[in-house]
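Participant: Have a look at this prediction, sequence included:
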Amino acid sequence: MYTDIISFTSADDLSSFFRQLGFDHVFSVEVFKKRLKVVESSEYAVLRTVLDQKKVQVILNPHLGKKKDHLHYRDSGLNQVLCHLAAESGVVVAFTLSALQTPEEIGRVRQNLILCRKAGVAVYVFSFASHPFGMRSVIDLLSFCKFLGMSSQEAKEALSFSFETKS
């Protein structure tokens, strides 16, 4: 059961198009943000506060932000402390294809995946496509997840988002 989140308003006649791409469920960003408590920040202080207070269910694109990588490490928005807090609180981390534009961002996501795997944090990938033709098929997204460093099982789980398990 594969799920995607889109940023355009879908019509009922597009459901067959979504099925052809391999998705069982497609939701809009508004529904996603209305049903869940989503934080979209890369600031350590903000993420630490919301994770300590358990006021969040999804951290979206923690790799974004105007950051400069240091000489010996990459500033990817997450660290092992935040990942362990997220694992204890049951918070998931989500990445969107629309936010992966540069090689630096892809490298930051790869580092975040390693941190999330070590801490046991669930990771999801969405397209956030702004047009129906901007969507990618399930096979393309699975391949991209493997390119990011996920195993086959992790890639399948990254595309199998369910609102019921996060509520």
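Facilitator: Sure, I can see it.

Participant: residue contacts, Leu142?
Facilitator: With contact set as CB atoms under 8 Å, 6 or more residues apart in numbering, Leu142 has these partners: Ser152, Ala155, Lys156, Leu159. For the C-beta atoms, the positions are set from N, CA and C on the backbone; glycine is no exception.

Participant: among these, who's most crowded?
Facilitator: Ala155 (22 neighbours; other CB atoms under 10 Å).

Participant: For the helix or strand hosting it, which helices and strands make contact with it?
Facilitator: Ala155 belongs to helix 152-158 when assigned by DSSP states H and E. Under the contact criterion of 3 or more CB pairs under 8 Å, 6 or more residues apart in numbering; DSSP states H and E, the helices and strands touching helix 152-158 comprise strand 123-126, helix 138-148.

Participant: Tell me which stretches of the protein form strands.
Facilitator: Ranges of strands in the chain, per DSSP state E, are 3-6, 25-28, 38-39, 58-60, 92-96, 123-126.

Participant: Can you pull out the low-pLDDT segments for this protein?
Facilitator: Per-residue confidence of the chain (counting by pLDDT under 70) places the weak regions at 10-12, 164-167.

Participant: Now do the helices in it.
Facilitator: Counting by DSSP state H, the segments of the chain that form helices are 15-21, 29-35, 44-52, 80-89, 103-119, 138-148, 152-158, 163-166.

Participant: Mind putting those helices into CSV with distance to Leu71?
Facilitator: As requested, those are arranged in CSV below (distance: least, CB to CB, whole Å):
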stretch, distance to Leu71
helix 15-21, 42
helix 29-35, 37
helix 44-52, 19
helix 80-89, 20
helix 103-119, 15
helix 138-148, 24
helix 152-158, 30
helix 163-166, 38
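
Participant: follow-up on the earlier one: comparing the helices and strands packed on helix 152-158, which comes out most buried?
Facilitator: Of these, the one with the most neighbours on average (mean count of other CB atoms under 10 Å) is strand 123-126, at a mean of 23.

Participant: contact partners of that one?
Facilitator: Counting contacts by CB under 8 Å, 6+ apart, the residues outside strand 123-126 that touch it are 4-5, 92-97, 112-113, 116-117, 141, 144-145, 150, 154, 157-159, 161.
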